[in-house]
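>>> Return atomic coordinates for the entry below.
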Amino acid sequence: MARARYLIQARAKAGTAALGQHVIRISKHAPKAKLSLWTAKPETWLLEIPAKSAYVLDKYTASPDSAISKIDENGKKDDGTGGVDGSDAHPLLRASAPADPTMPFLLSLPPEIRNQIYRYVLLAADEIKLPAGGQWPAAPALLQTCSQIKHEASAIYYKENSFTVHIAKNDATQYAKWSQSTTDRWDSNHGLHLRHSCNWTNLERWAEAYWKGECFFPSEPRGGTRWQGPDYVFSLVVRLQAHDPKMTWETVKLMIGELRGALGVSNKRWRA
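Reported below is the predicted structural model:
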């Protein structure tokens, strides 16, 4: 079937959400000729339609701001505004219906366009805080729509945002579960914020979780006797793991237990 190409200026409506579905009417004289687009900001789209419909556009299109007919095969036409070569021009995008009518329109877009949309929706302006002992935010709704979108967008959300995990009383139980829940969370861009604590039992459990590969440990040493516990314990665990990866946790537990007495000399709270 013969097809003609039209350059469509898709403008997001003022006062609407950053991302939404906007119906672009090709001409006020031909209200049935329209195209539904997903757009987060003013974009330029290249529409390819059947020749029969092109006749309607040729007959009723009143302004090049709405549509420019008969763009050449290379997609280049200078209309005074830059056309497809302008700074706001989008790469070639065919807005024809997907082969599978049940496929969401988002998944019919080219991968680079989908990634741009994912970033608009998922990237936060500030760090995402995961509070100690509190309710941690669930995965964004976009990641829960379907398995393909989750597969494509999870890495963007977890690696390109900054997460801060808050840990109180050396209790890393919630953090370990979160890290183990998905590979993207394990590989995420996150840091640890510890509150001062001399809780030995929780510190020992945290060291065990690290030994078993369930989570990380604070990498930056802190001053003061309350921070000596995590510093000394994890430093010893790392050295033992490098020396003998087959060493059992029970053996490691006995060795780090010797540190508790030494820490108790400088701070009695470690004995509690």
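>>> going forward, measure contacts between C-alpha atoms and count neighbours the same way
Fine.
>>> Please give me every residue in contact with Phe216.
Going by C-alpha atoms under 8 Å, 6 or more residues apart in numbering, Phe216 touches Tyr210.
>>> And it, how far from Tyr210?
Look at Phe216 and Tyr210: by C-alpha to C-alpha, to the nearest Å, they are 6 Å apart.
>>> cool, and Lys129?
21 Å.
>>> Pro137 too?
For Pro137 relative to Tyr210 (C-alpha to C-alpha), the value is 23 Å.
>>> of these two, who's got more company?
Applying other C-alpha atoms under 10 Å to Pro137 and Tyr210 shows that Tyr210 carries more neighbours, namely 18 against 10.
>>> sec struct for that one, please.
helix (DSSP: H, G, I helix; E, B strand; the rest coil).
>>> What segments of the chain are strands?
Listed in chain order, the strands of the chain (DSSP state E) span residues 3-10, 20-25, 34-39, 43-50, 128-130, 163-167, 190-194.
>>> which strands and helices sit next to the fifth one?
To tie it back to what came earlier, the one meant is strand 128-130. In terms of contacts (3 or more C-alpha pairs under 8 Å, 6 or more residues apart in numbering; DSSP states H and E), strand 128-130 is packed against strand 163-167.
>>> Now do the buried residues in the strand it packs on.
Phe163, Val165, His166, Ile167 (16 or more other C-alpha atoms under 10 Å).
>>> Remind me what it packs against, helices and strands.
Applying 3+ C-alpha pairs under 8 Å, 6+ apart, we find strand 163-167 packed against strand 128-130, strand 190-194.
>>> Out of the ones you listed, which gets the lowest mean score?
Note on those: lowest mean pLDDT is at strand 190-194, with a mean of 90.
>>> Run the angle between that strand and strand 163-167 for me.
Per axes from the mean of the first three to the mean of the last three C-alpha atoms, to 10 degrees, the angle that strand 190-194 makes with strand 163-167 is 30 degrees.
>>> Listing partners with orientation, what would you give for strand 190-194?
strand 163-167 (parallel) (DSSP bridges).
>>> can you list the residues that contact the strand it pairs with?
Residues outside strand 163-167 that contact it (C-alpha under 8 Å, 6+ apart) are 127-133, 175, 188-195.
>>> if we go to 7 Å?
By C-alpha atoms under 7 Å, 6 or more residues apart in numbering, the residues outside strand 163-167 that reach it are 127-132, 189-195.
>>> Give me the mean pLDDT for it.
Rounded mean pLDDT across strand 163-167 is 94.
>>> Stretch 171-185 now?
Stretch 171-185 shows an average pLDDT of 93 in the prediction.
>>> now stretch 264-272
For stretch 264-272, mean pLDDT is 71.
>>> mind listing what's buried in that stretch?
Gly264, Trp270.
>>> begin at 40 from here
Let's use 40 as the start, then, which means that last one is stretch 303-311.
>>> how about the CA coordinates for that stretch, as CSV?
Taking Å, rounded to 0.1, in the frame of the first residue of the first chain, the C-alpha atoms of stretch 303-311 are listed here in CSV:
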residue,chain,number,x,y,z
GLY,A,303,34.6,-3.3,76.1
VAL,A,304,37.8,-2.0,77.7
SER,A,305,37.4,1.4,75.8
ASN,A,306,33.6,1.5,76.0
LYS,A,307,31.6,-0.6,78.5
ARG,A,308,28.5,-0.5,76.4
TRP,A,309,30.0,-3.1,74.1
ARG,A,310,29.8,-5.6,77.0
ALA,A,311,26.0,-5.3,77.3
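>>> Next, work out how far apart Tyr271 and Tyr249 are.
According to C-alpha to C-alpha, Tyr271 stands 14 Å off from Tyr249.
>>> Also Arg153?
Distance, Arg153 to Tyr249, using C-alpha to C-alpha: 36 Å.
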